[in-house]
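**Q** got a predicted structure here, sequence first:
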Amino acid sequence: MLAQDRNRQIDRPATHRVWRTVGFPIWLYLSWYRSRTIRQKRVVWAWTFLSVPLLFYVVIRFYPTADAFWLSLHDWNLLSDMEWAGMSNFGRLAADPEFWQVFWNTFQYLLLGTPISLVIAFTIAYYLDQVRFMHGFIRALYFLPFLTTAVAMAWVWRWFYQPVPVGVFNNILAELGIAQQPFLRSTSQALPSVLAPAIWAGLGFQVIIFLAGLRAIPQSYYEAARIDGVSRLTILWEITIPLLKPTIVFLVVFSSIGFLRIFDHVFNMTTNDPGGPLNSTEPLVLMIYDTAFNGFQMGYAAAQTVVLFLVLLVVSLIQLRILRDR
Amino acid sequence: MADVSIRQIYKQYGSVEVIHGLDLEIADGEFVVLVGPSGCGKSTMLRMIAGLEEISGGEIAIGGRVVNHVEPKDRNIAMVFQNYAIYPHMTVYKNIGFGLRTSRLPQADKDRRIRDTAKILGLTDLLERRPSQLSGGQRQRVAMGRAMVRQPAVFLFDEPLSNLDAQLRAQMRLEIKKLHQAMGTTIVFVTHDQVEAMTLADRIVIMKDGYIQQMGTPTEVYEHPATMFAARFIGSPSMNMLPATGTADAAVTLAGGARVPAPPSVNGALQADQALFLGVRPDHLLVTEPGAPGALHLEGTVSVIEPLGPEALVYVTIGDRELVAKAPAHKTPEVGASVHLTAAGEAVHLFDAQTERALC
């Protein structure tokens, strides 16, 4: 009896401490939560779940992005202290002829890649939509390159571009009696040669998205047009394509960003001389990689990423503005 | 303007036959409504007339010309779809004008026709709007305008009112009827709504499972249903059906033992011990005092009352069956009360239990 009483007296401050530090805040929160309206409770739960990815993005994405902007105003080689450089990295960039070559290359990837890939993908999707026989198999065939790693694909395509007797393309040209082409060895042909597998790799995804867009157009639109007797071309231009506009906007922006950020295809197809020959295939991302991890000029590389960021932003905004429904 | 002849028409999807050799003659200027439950083949019929579906057998002629292999655009028809099929990226003017794209009219004539059509449909002020800026009823009108602007010989309507709310549906129904009266064009109209069929049609074609159950004017199909299906499908609430047996002296006995003299129209067709169904519409089955004049007398217990304003629907349980009767609003019985139901002799319909066809 006596011992129990004593124990209770000793325990009381300890339980009180637990109550004060853990129990009381929980009790306070619960009583606050209970007095909220249904709408407010929903907001509390939404933010509870949103906080995890939000925290993740702030730490993993937003902070490094902001840091890159900061870094672009400094000189840093990873080991030394960061030195304030002001806008000098950007000035150096503007005066660098290699940068302008790379800048133009990047836009060539964009200006050739986006329209060509979209036209090919739309054509495939348009006809595939009308085919029932082996529809799934053909679709899977087009989607397969999208699942393949860029490294493996780039190496296979490198082999395609070899001279006779190894390269497939040159063998075909030889069979047809056409002169051998240098492909990756030529400063004028290398960029399109690198672009081709990049387009091919993204085609499956674009075809799938186009197919989904085509499927979403009600059949009765086409039937009404059939009764009105308009030509297939009119139906394509005046019904199908305008109704696919949301799909087209999405794919234009999405694939433009993809082509502006092209890296792995270029890097793997020109490993002996990345971005070569004579920088003729070098895109901005490859230049950033080279400056940062071969040159260890982190500030200069950060300045290049800032430029890439601005290019992506401006291109996307212009596209959205032009393509937006007026 | 033109008549439409459908002769022994068949439709198969693979090995499944969905339309089984139908014949239908639609006169010039007639308003024909194809009505039936989902999957009865009414839309397929319409789409075959339009040329959107190939026909597997038989013949369709529009204005005396067989059109089996004629493209939809050359059939001189126009169609209004259930979802309107008006293009969201075009203005009302362009949508209506789309039907004239291939016509060889001079531009000024096209413009005049579009504006005339818009005027008839009350769309003049909306010509520059996009479909997204229109109400359901206005979209419906644009869809009709697109069909009308082509001045076709035959209008085909595929459940055009299904997407509208009840009030708008009644209003558009009236407008379609007025338009038909004003223009006099042949119309084939598909619906699953028997009220639409009754109110719009010159002639109703009731379909089920790819067969025509009955053809006739709204009054004919209401008053003289040819089959049990037609009897139940037309009229709301549905016709009450009671099992009955024929007697040797031109009468039937109900399951409970009550004796009902057969209506004069079935004279001769009725056989002794024939298994039958006796049908009576709720409109004709009235809650009355015992001893009221009539051929059919029933006793039962009220289970539910549905007031409709001027009158009330009275659900009456008789044995294991529930019948629907009517009572004037001021004389509605209580739930649970025993009531007497009476129907006049001419309101009684008899159907053979095996063939489900009316005796006549």
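**A** Everything's here; your move.

**Q** okay, now the residue in chain B that chain A sits nearest to: neighbour count?
**A** Closest approach between chain B and chain A, counting by Cβ to the nearest Cβ: B:Lys73, at 2.6 Å. Where C-beta positions appear, they are placed from N, C-alpha and C, glycine not excepted. For B:Lys73, the neighbour count with other Cβ atoms under 10 Å in any protein chain shown is 16.

**Q** I figured it hits A:Ala224, correct?
**A** No: counting by Cβ atoms under 8 Å, B:Lys73 does not reach A:Ala224; the two are 11.0 Å apart.

**Q** rewinding a little: next up, the contacts around the residue of chain B closest to chain A.
**A** Applying Cβ atoms under 8 Å, 6 or more residues apart in numbering or on different chains, we find B:Lys73 in contact with A:226-229, B:102.

**Q** lowest pLDDT pick from those residues?
**A** By predicted confidence (pLDDT), the lowest-ranked of the contacts of B:Lys73 is B:Thr102, with 82.

**Q** now the phi/psi pair for that one, please.
**A** phi -90, psi 0 (degrees, to the nearest 10).

**Q** let me see the ranges of the strands in the stretch 51-200 of chain A.
**A** Secondary structure of the stretch 51-200 of chain A (DSSP state E, counting those that start in this stretch): strands at A:74-75, A:83-84.

**Q** pLDDT value on the closest residue to A:Ala201 other than its chain neighbours, please?
**A** Nearest residue to A:Ala201, sequence neighbours excluded (Cβ to Cβ, 6 or more residues apart in numbering or on different chains): A:Pro145, at 4.8 Å. At A:Pro145, the pLDDT value in this model is 85.

**Q** how near is A:Pro145 to A:Ile120?
**A** Relative to A:Ile120, A:Pro145 is positioned 12 Å away (Cβ to Cβ, to the nearest Å).

**Q** list the residues that contact both of those two?
**A** Joint contacts of A:Pro145 and A:Ile120 (Cβ under 8 Å, 6+ apart) are A:Leu203.

**Q** part of a strand, is B:Leu22?
**A** Yes: remark: B:Leu22 belongs to a strand, assigned using DSSP: H, G, I helix; E, B strand; the rest coil.

**Q** in contact with the closest residue to it other than its chain neighbours, which residues?
**A** With Cβ to Cβ, 6+ apart as the criterion, B:Leu22 has its nearest non-adjacent residue at 5.2 Å, and that residue is B:Ile9. For B:Ile9, the contact set (Cβ under 8 Å, 6+ apart) comprises B:19, B:21-23, B:45, B:48, B:55, B:57-60.

**Q** and of these, the nearest to A:Leu310?
**A** For these, the closest approach to A:Leu310 (Cβ to Cβ) belongs to B:Met48, at 60.1 Å.

**Q** quick check: closest non-adjacent residue to A:Thr148.
**A** That would be A:Ala201: by Cβ to Cβ, 6+ apart, it lies 7.1 Å from A:Thr148.

**Q** the one you found in helix, strand or coil?
**A** helix.

**Q** what is the mean pLDDT for the longest helix seen in chain B?
**A** The single longest helix within chain B, with elements called by DSSP state H, is helix B:166-183. The average of the pLDDT scores along helix B:166-183 is 90.

**Q** repeat for stretch A:119-131
**A** Mean predicted confidence for stretch A:119-131 is 93.

**Q** so does it get close to chain B?
**A** No: counting by Cβ under 8 Å from any Cβ of the partner chain, chain B is not contacted by stretch A:119-131; separation bottoms out at 16.0 Å.

**Q** give me the contacts around that stretch.
**A** With Cβ under 8 Å, 6+ apart, stretch A:119-131 has contacts from A:135, A:138-139, A:142, A:199, A:203, A:206-207, A:210-211, A:214-215, A:236, A:240, A:251.

**Q** what stretches of the chain score poorly on pLDDT?
**A** I went with chain A, as the question did not name one. Where chain A drops to pLDDT under 70, the residues are A:1-12, A:325-326.

**Q** other chain: chain B
**A** Low-confidence segments of chain B (pLDDT under 70): B:1, B:267.

**Q** residue contacts, the residue positioned nearest the centre of chain B?
**A** Nearest to the geometric centre of chain B sits B:Ala197, at 3.0 Å (Cα atoms, centre = their mean). Taking Cβ under 8 Å, 6+ apart, we find B:Ala197 in contact with B:33, B:35, B:191, B:204, B:218, B:234.

**Q** with adjacent residues omitted, what lies nearest to the first one?
**A** Right, B:Val33. For B:Val33, ignoring the flanking residues on the chain, the nearest one in space by Cβ to Cβ, 6+ apart is B:Ala201 at 3.8 Å.

**Q** same deal with the fifth one?
**A** What sits nearest to B:Pro218 in space, not counting adjacent residues and going by Cβ to Cβ, 6+ apart, is B:Met198, at 4.6 Å.

**Q** after the helix or strand hosting that neighbour, next one along is what?
**A** Element membership for B:Met198, per DSSP states H and E: helix B:194-200. Sequence-wise, the next helix or strand downstream of helix B:194-200 (DSSP H and E) is strand B:203-208.

**Q** sheet partners, orientation included, of that next one?
**A** strand B:31-35 (parallel), strand B:211-216 (antiparallel) (DSSP bridges).

**Q** so which bits of chain A are right by chain B?
**A** A:218, A:220-221, A:223-231, A:234, A:238-239, A:242-243, A:245.

**Q** take those residues and keep only those in strands.
**A** Nothing among the residues of chain A next to chain B maps onto strands, per DSSP state E.

**Q** of those, grab the buried ones for PyMOL.
**A** In PyMOL, a selection of the buried entries from the residues of chain A next to chain B looks like this (16 or more other Cβ atoms under 10 Å in any protein chain shown):
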select buried, chain A and resi 220+221+223+224+225+226+227+228+229+230+234+238+239+243
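
**Q** in helices, which of the residues of chain A next to chain B appear?
**A** A:220-221, A:223-228, A:234, A:242-243, A:245.

**Q** out of the contacts of stretch A:119-131, which two are the most distant from each other?
**A** The distance between the two most remote of the contacts of stretch A:119-131 (Cβ to Cβ) is 23.6 Å, for A:Ile199 and A:Arg215.
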